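Asker: the following block contains a protein sequence and its predicted model.
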Amino acid sequence: MKIFSKYLLKLLGWRIDQGIANDINKCVIVMGPHTSNWDFIIGRLAFFSFGIKPKILIKNDLFYPPMGWLLKAMGGIPVDRKKKNNMTDKAVQLFENSDKMFMLFTPEGTRKYNPNWKKGFYYIAQKAGVPILICYMDYEKKTGGFHSVFEPTGNVEKDIQEIKSILSQFKGKFPEQGIYKS
């Protein structure tokens with residue numbers, strides 16, 4: 001699957017940089033900007049090409065057959081967003097029970113512009129004691145990859161602003177829906 005994914009990405013014109021992900025065994029991955037369903041496809045191909053199988057929290061509405069089977073096979077974990085279900089604790093437990101674990105989030109929570117990011121990724125990283133790996137996709141340059149490792153300081157608002165600042169330099173498929181409006 002690695003070779004096929006690398007070939008397909010190259011065929012689609014994408015250049016992906018793995019960089020720092022080689023040295024990390026456990027982390028929360030924050031990917032942005034998230035403006036299109038294509039983000040999932042391109043991102044998944046990139047992770048396949050690196051041999052990384054991230055866990056992804058996905059709204060449970062999408063887990064109907066056969067789509068649900070595919071999502072679960074690709075690391076999807078169904079989440080009922082209408083209920084309080086201690087997902088932070090469940091995610092932390094997944095980290096505690098794994099030697100190698102990557103959990104992927106698109107903190108905008110939607111493909112539309114949203115200045116109010118969901119903060120679950122931050123609390124999971126903090127509670128599990130794992131770093132946040134900032135991952136980007138830039139449709140304008142057809143590049144993506146791992147930007148940097150971010151250690152949560154405990155100042156949620158300041159840290160999220162810093163992550164937004166990093167990711168705002170990249171353009172999603174629909175830039176007007178990106179991290180900051182132009």
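Answerer: Cool, the structure landed.
Asker: output the below-cut-off pLDDT ranges for the protein.
Answerer: For the chain, the stretches with pLDDT under 70 are 19, 21, 109-112, 114, 180-182.
Asker: residues near Lys141, how many?
Answerer: Applying other C-beta atoms under 10 Å, we find 11 other residues in the vicinity of Lys141. Where you see a C-beta, it was placed from the backbone N, CA and C, and this is true even at glycine.
Asker: before we move on, what SS does it have?
Answerer: Put simply, Lys141 is coil when judged by DSSP: H, G, I helix; E, B strand; the rest coil.
Asker: which residue is the nearest non-sequential neighbour of Val149?
Answerer: Pro131 (4.8 Å; C-beta to C-beta, 6 or more residues apart in numbering).
Asker: same question, Gly51
Answerer: Nearest residue to Gly51, sequence neighbours excluded (C-beta to C-beta, 6+ apart): Lys2, at 5.7 Å.
Asker: what of Lys119?
Answerer: Using C-beta to C-beta, 6+ apart, the nearest residue to Lys119 is Val156, at 6.1 Å.
Asker: what's around that neighbour, how many residues?
Answerer: Neighbours of Val156 (other C-beta under 10 Å): 13.
Asker: with the one 10 residues further on instead?
Answerer: Per other C-beta under 10 Å, the neighbour tally for Ile166 reads 17.
Asker: where's it relative to Gly154, distance?
Answerer: 19 Å (C-beta to C-beta, to the nearest Å).
Asker: and the helices in this protein?
Answerer: Using DSSP state H, the helices assigned to the chain run over residues 2-11, 38-50, 67-73, 87-96, 120-128, 156-167.
Asker: for the longest one, packing partners?
Answerer: Judged by 3 or more C-beta pairs under 8 Å, 6 or more residues apart in numbering; DSSP states H and E, the packing partners of helix 38-50 are helix 2-11, strand 101-105, strand 132-138, strand 143-150.
Asker: could you rerun that using 6 Å?
Answerer: In terms of contacts (3 or more C-beta pairs under 6 Å, 6 or more residues apart in numbering; DSSP states H and E), helix 38-50 is packed against helix 2-11.
Asker: the first one now?
Answerer: Counting by 3+ C-beta pairs under 6 Å, 6+ apart, the packing neighbours recorded for helix 2-11 are helix 38-50.
Asker: how far is the helix it packs on from where the chain is centred?
Answerer: Its chain's average C-alpha position is 10 Å from that of helix 38-50, according to C-alpha atoms, centre = their mean, to the nearest Å.
Asker: go through that helix and flag the buried ones.
Answerer: Residues 39-40, 42-50 are the ones in helix 38-50 that count as buried (16 or more other C-beta atoms under 10 Å).
Asker: may I see the residues you listed organised as TSV, with distance to Leu11 added?
Answerer: Putting the buried residues of helix 38-50 into TSV (distance: C-beta to C-beta, whole Å) gives the following:
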residue	distance to Leu11
Asp39	18
Phe40	18
Ile42	12
Gly43	16
Arg44	15
Leu45	10
Ala46	14
Phe47	17
Phe48	14
Ser49	12
Phe50	17
